[in-house]
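>>> Quick check, what structure comes out for this input:
(one chain, ligands or ions: 1)
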Amino acid sequence: MKEGEIVNLLHSQDQFLKSGAKSSVEDRISILKKFKACIKAHEQDIIEAVYKDFQKPEFEVLTTELFVAYKEINLFIKKLKNWSRPKSVSSAWLNFPSSDKIYHVPWGKILVIAPWNYPFQLAITPVIGALACGNSVVLKPSEHAPYTADVLEKIISEVFEAEQAKVIQGAVETAKLLLEQKWDYVFFTGSVPVGRIVSQQIAKHMTPHTLELGGKNPCIVDASANLDVAAKRICWGKFLNAGQTCIAPDYLLIDSKIKAKFQDKLISTLKEFYADGTYNDYARLIHDSHFDRLTNLLKNQSIIFGGETDSETNFLSPTLVESPDFSSPLMEEEIFGPILPLYSYSSFAELDTTITSFDKPLSLYVFSKSKDFVRRVNENFDFGGGVINDTIVHFVNDKLPFGGVGASGLGNYHGRASFETFTRKKSIVNRKTWLDIPIKYPPYTRVDAFKSFLNLFR
Ligand code: NAD
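Have a look, this model is predicted:
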């Protein structure tokens, strides 16, 4: 799309928002129902598109793309009316008599920029929240999942006029062009370096924004943990989506007392998961350069298990690596693929040194039966969110705000948190006129009286 067309589109979105058309809560609920029906009608297209993009298995599309989207839309249909009610608060007695309320109002025009790794869900979930809250939306899906981007465009254009919601496809240049425009809010999901660029680019308009980014997520396995369950839950959370998950464990820190035993359990779990050797229940890497990047990261590493590749299909099997050097490229950046480094630790101080040598992660996982150990981990480290005795499942509870901290993100969303993100609070004091105490007006004749009053606060 050319810049002139984008400017015209945004002008039409401004006009639409100003007109107040389809802005009542009832209008919004009815359009969400239409939106949901349209997603349902295109379910098979979504499954096929995500498969074409990176051979993501149907089961994973149903669980991690469609289920999450339906849950979000159902929640907004159920709760929007209640959440949208203005909230009365008690008045400041200095303003007596008045009644005070907080209104939840839409920001206006929202730009959503999405990544490729959960190409449907990570695009549609913020769009649901933004539209439910009465905003207009422009969605730029990732250019690296083009089949899913086409289905997203089809669904949104079937339900919405462009003045309310529009998909604009394109790569970096398109994203830059979009970011040059003046938005009322920007919602970005993607990598840390691009998040930084986005933040800088929108700073000139001081646009409020959310950044859903990534990082190196530690996963700690304490000696007291249920090792059989831990091995299954770690392998599942790590190798789902072929490890291309922002909240997947990035590296394991295993108590040295159980390191060898736990390593064996990880290997036997992986053999069990993919026993038939077809890897039909396992996604492929998104594109050639991601395949090249990940296979290069494996060079000069000690591979304990896996490491099989097929460049024709961008296949990299689940791979375990023994204690890579912390200064190796594998540990310098977020892995974001099916490679899991295993380290052992012998003391809490060692854990502390390792974890705090990286930026604050998006997630942290700890497997342990010891309440003290879990509490210590929780109190010691700062991270976006986490799970005790499992991985990645905090994502599915829409009552938990989802987001990072520091370099792993800014702001959060999901469920009620999405409502808070996609509206802003407008505070209104409604003063009554039947009483008007004159003390505040010039000429100031009651300085002493106010000084006595101030004594109450001194
Ligand atoms: P990316 O940052 O490369 O791209 C994300 C989006 O930004 C794409 O739509 C892309 O076209 C656009 N983009 C790329 N370069 C840009 C630029 N210079 N200016 C403006 N826009 C630009 O990320 P990706 O490779 O699609 O996704 C993987 C990353 O996303 C990982 O780091 C992962 O951890 C992170 N991620 C975070 C979450 C989360 O919820 N926190 C979820 C999924 C992925």
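
>>> At the contact with the ligand, which residues of this protein appear?
In this structure, the chain approaches the ligand at residues 113-117, 122, 140, 142-143, 171-172, 175-176, 179, 189-191, 194, 197-198, 212-214, 246, 334, 336, 362, 404, 409, judged by CB under 6 Å from any ligand atom. Yep, even glycine has a C-beta here, placed from its N, CA and C like the rest.

>>> Just the buried ones from those residues, in ChimeraX syntax?
This is the ChimeraX syntax for the buried subset of these, where burial follows 16 or more other CB atoms under 10 Å:
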select :113,114,115,116,117,122,140,142,175,179,189,190,191,194,197,198,212,213,214,246,334,336,362,404,409
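
>>> Let's see which of the residues of the chain next to the ligand end up in strands.
Among the residues of the chain next to the ligand, the ones falling in strands (DSSP state E) are 113, 140, 189, 212, 409.

>>> what sits against the second one?
By CB atoms under 8 Å, 6 or more residues apart in numbering, the contact set of residue 140 is 111, 112, 113, 114, 167, 168, 169, 170, 174, 175, 178.

>>> quick check, nearest of the residues you listed to the ligand?
Of all these, the one with the least separation from the ligand (CB to the nearest ligand atom) is residue 175, at 3.1 Å.

>>> model confidence over stretch 211-222, on average?
Averaging pLDDT along stretch 211-222 gives 97.

>>> The contacts of residue 140 in helices, which ones?
174, 175, 178 (DSSP state H).

>>> related to what we said a few turns ago, what subset of the contacts of residue 140 is buried?
For the contacts of residue 140, buried by 16+ other CB under 10 Å: 111, 112, 113, 114, 167, 168, 169, 174, 175, 178.

>>> The second one contacts residue 128, correct?
Think residue 112. No - with contacts counted by CB atoms under 8 Å, residue 112 stays clear of residue 128, the gap being 10.4 Å.

>>> Could you find the residue in the stretch 101-250 of the chain that comes nearest to the ligand?
Counting by CB to the nearest ligand atom, the stretch 101-250 of the chain gets nearest to the ligand through residue 214 (2.1 Å).

>>> quick one: contacts for that residue?
Taking CB under 8 Å, 6+ apart, one finds 191, 192, 246, 334, 336, 362, 404, 408 in contact with residue 214.

>>> now residue 182
Residue 182 sits in contact with 10, 205, 207, where contact means CB under 8 Å, 6+ apart.

>>> just to revisit the earlier point, using a markdown table, lay out the contacts of residue 140 together with pLDDT.
Formatted as a markdown table, the contacts of residue 140 follow (pLDDT from 0 to 100):
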| residue | pLDDT |
| --- | --- |
| 111 | 98 |
| 112 | 98 |
| 113 | 98 |
| 114 | 98 |
| 167 | 98 |
| 168 | 98 |
| 169 | 98 |
| 170 | 97 |
| 174 | 97 |
| 175 | 97 |
| 178 | 97 |
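
>>> circling back to that earlier point, if you look at the contacts of residue 214, which of them are in helices?
Going by DSSP H, the helices hold residue 192 from the contacts of residue 214.

>>> For the contacts of residue 214, name the two members farthest from one another.
Using CB to CB, the contacts of residue 214 reach their maximum pairwise distance at 336 and 404, which is 14.5 Å.

>>> what does the domain assignment say about the protein?
The chain breaks down by automatic domain parsing into domains covering 3-213+409-425, 218-399.

>>> The stretch 101-250 of the chain: helices as residue ranges?
121-132, 146-159, 172-180, 192-203, 227-239 (DSSP state H, counting those that start in this stretch).

>>> before we move on, the earlier item: flag the least confident of the contacts of residue 182.
Ranking the contacts of residue 182 by pLDDT, residue 205 lands last with 95.

>>> Residue 245 against residue 116, yeah?
No - taking CB under 8 Å as the definition, residue 245 is not a contact partner of residue 116, at 12.0 Å.

>>> which parts of stretch 308-320 are buried?
Those would be 309, 314, 315, 316, 317, 318, 319, 320, for stretch 308-320 by 16+ other CB under 10 Å.

>>> Make JSON lines out of those residues and add secondary structure, distance to residue 257 and pLDDT.
Formatted as JSON lines, the buried residues of stretch 308-320 follow (DSSP: H, G, I helix; E, B strand; the rest coil; distance: CB to CB, whole Å; pLDDT from 0 to 100):
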{"residue": "309", "secondary structure": "strand", "distance to residue 257": "34", "pLDDT": "98"}
{"residue": "314", "secondary structure": "coil", "distance to residue 257": "38", "pLDDT": "98"}
{"residue": "315", "secondary structure": "strand", "distance to residue 257": "35", "pLDDT": "98"}
{"residue": "316", "secondary structure": "strand", "distance to residue 257": "31", "pLDDT": "98"}
{"residue": "317", "secondary structure": "coil", "distance to residue 257": "29", "pLDDT": "98"}
{"residue": "318", "secondary structure": "coil", "distance to residue 257": "25", "pLDDT": "98"}
{"residue": "319", "secondary structure": "strand", "distance to residue 257": "25", "pLDDT": "98"}
{"residue": "320", "secondary structure": "strand", "distance to residue 257": "19", "pLDDT": "98"}
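
>>> Of these, which is the nearest to residue 183?
Nearest member of the buried residues of stretch 308-320 to residue 183, counting by CB to CB, is residue 314, at 34.4 Å.

>>> separation between the closest one and the ligand?
Using CB to the nearest ligand atom, to the nearest Å, one gets 14 Å for the distance from residue 314 to the ligand.

>>> Same check on residue 59?
Residue 59 sits 20 Å away from the ligand, going by CB to the nearest ligand atom.

>>> Helix, strand, or coil at the residue lying closest to that residue once chain neighbours are set aside?
Leaving aside its sequence neighbours, residue 59 sits nearest to residue 281 (CB to CB, 6 or more residues apart in numbering; 7.0 Å). With DSSP: H, G, I helix; E, B strand; the rest coil as the basis, residue 281 sits in coil.

>>> how about the helices in the stretch 301-450 of the chain?
For the stretch 301-450 of the chain, applying DSSP H, counting those that start in this stretch gives helices covering 329-332, 348-356, 371-380, 416-422, 447-454.

>>> okay if I get these as TSV plus mean neighbour count?
Rendered in TSV, the data for these read as follows (neighbours: other CB atoms under 10 Å):
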stretch	mean neighbour count
helix 329-332	18
helix 348-356	15
helix 371-380	14
helix 416-422	21
helix 447-454	10
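
>>> Turn these into CSV, columns for distance to residue 300.
Shown next, in CSV, are the helices of the stretch 301-450 of the chain (distance: least, CB to CB, whole Å):
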stretch, distance to residue 300
helix 329-332, 9
helix 348-356, 21
helix 371-380, 31
helix 416-422, 43
helix 447-454, 71
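
>>> could you dump the ones you listed to JSON lines with mean pLDDT?
Below are the helices of the stretch 301-450 of the chain laid out as JSON lines (pLDDT from 0 to 100):
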{"stretch": "helix 329-332", "mean pLDDT": "96"}
{"stretch": "helix 348-356", "mean pLDDT": "98"}
{"stretch": "helix 371-380", "mean pLDDT": "98"}
{"stretch": "helix 416-422", "mean pLDDT": "98"}
{"stretch": "helix 447-454", "mean pLDDT": "92"}
